[in-house]
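Novice: This is a predicted model, with the sequence first.
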Amino acid sequence: MTHRSNPYDDQPDRAFWSRAVAEEFRPSAMGGGTDLLGADDHVMSIGSCFAANVQPYLERAGIAYVRTEPVRPQLAHLPENLAYRSFSAAYGNVYTSRQMLQLLQRATGRFVPSEDRWHDEGQVIDPFRPGLAYPAQSDVEFDMATIVHLTGVRRAVEQATVMIVTLGLTEAWADRADGAVYPTCPGSVGGTFDPQRHVFANFRYADVVSDLRDFVRIARVSIPRSDSCSRSRRFLWLQRRPSTMCWQPACTASRCCVPPPAISVTMTQAFPTFPPMKS
């Protein structure tokens, strides 16, 4: 059979699942020869369930995993839902880049959602953590818990030398009023669905890139490292295919390594136009 030239002929082994993972998995090859993590690193992870699943492997390997929002002692012996205890702070799964960005914006005082709580049968539900097994019983308790949570998010970023970010979905439900993005559709886990207020969004590739760049900018510029280490905070973007893994120690606010357009073909649907976020 005559061989036909194609764009994959000159690609390195790390561009192919069979060669880079299935036959002989070499993590260093995925990052262009750069060690992804070091023994002195402190790792924070955020994103889809993949970000929660890496946590026990990191700790078993002796790598410090940042934890800044401990469970309240009176609840420590009780089970929790939806992996809220599996992340650096209790944000649970963060499926979209917009929700991820807004979490940092909230933690740094840049964004306050207009719909910041739901009252339901004597409980106060967090729209951005609706699956918490033990929600607040009053607005005062809710306000205190929210302060603790957002402080924990900021402290996690401050302490991290490496942030592992896993990208989950482009689809989300959002508040038409201010663009606040929810982790689940209102009314499914908590709250009440309002068709006049709650709208479906499917983010474009350019939106995801912009969100990630803003995420890096806030993490780098607005939340300085909490120690005297001179090493710059690094970001590791992970998806389930090796071709979408990106290791970029030199990532800056103006130059950020993100997955290339060729692997993001699902990010094509238009989404509602929201008011711009506060800078």
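Specialist: Happy to help now that I have it.

Novice: Now do Arg106 against Phe87, distance only.
Specialist: 16 Å (CB to CB, to the nearest Å). Bear in mind the C-beta positions are built from the backbone N, C-alpha and C, glycine included.

Novice: typo on my end, it should be Asp10
Specialist: 39 Å.

Novice: Leu101 touches Arg213, doesn't it?
Specialist: No - here Leu101 lies out of contact with Arg213, judged by CB atoms under 8 Å, at a distance of 9.3 Å.

Novice: Neighbour count: those two, which is higher?
Specialist: Just comparing Leu101 and Arg213: by other CB atoms under 10 Å the higher neighbour count belongs to Leu101, 25 against 19.

Novice: residues in contact with the more buried one?
Specialist: Asp211, Leu212, Asp214, Phe215, Ile218 (CB atoms under 8 Å, 6 or more residues apart in numbering).

Novice: who has more neighbours, Arg106 and Phe87?
Specialist: Neighbour comparison, Arg106 and Phe87: the larger count goes to Phe87, with 26 against 20 (by other CB under 10 Å).

Novice: and the residue lying closest to the more buried one once chain neighbours are set aside, what does it touch?
Specialist: With sequence-adjacent residues excluded and distances taken as CB to CB, 6 or more residues apart in numbering, Phe87 is closest to Ala52, at 6.0 Å. By CB under 8 Å, 6+ apart, Ala52 lies in contact with Ser45, Ala83, Ser86, Phe87, Asn93.

Novice: So which residue is dead centre in the protein?
Specialist: Centroid-nearest residue in the chain: Gly47, 3.0 Å away (criterion: CA atoms, centre = their mean).

Novice: what does the model give that residue for pLDDT?
Specialist: Looking at Gly47, its pLDDT reads 91.

Novice: which residues does it bridge with?
Specialist: Thr166 (DSSP bridges).

Novice: what's the distance between it and Leu236?
Specialist: Taking CB to CB, one finds Gly47 at 11 Å from Leu236.

Novice: How about Asp41?
Specialist: Distance from Asp41 to Leu236, by CB to CB: 10 Å.

Novice: Counting neighbours, go ahead and name the busier of these two.
Specialist: Leu236 (23 against 18).

Novice: about what we covered before: want to throw the contacts of Leu101 into a markdown table with neighbour count, distance to Thr184 and secondary structure?
Specialist: Below are these laid out as a markdown table (neighbours: other CB atoms under 10 Å; distance: CB to CB, whole Å; DSSP: H, G, I helix; E, B strand; the rest coil):
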| residue | neighbour count | distance to Thr184 | secondary structure |
| --- | --- | --- | --- |
| Asp211 | 20 | 19 | helix |
| Leu212 | 22 | 22 | helix |
| Asp214 | 22 | 23 | helix |
| Phe215 | 24 | 21 | helix |
| Ile218 | 18 | 24 | helix |
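
Novice: Many thanks, we can stop here.
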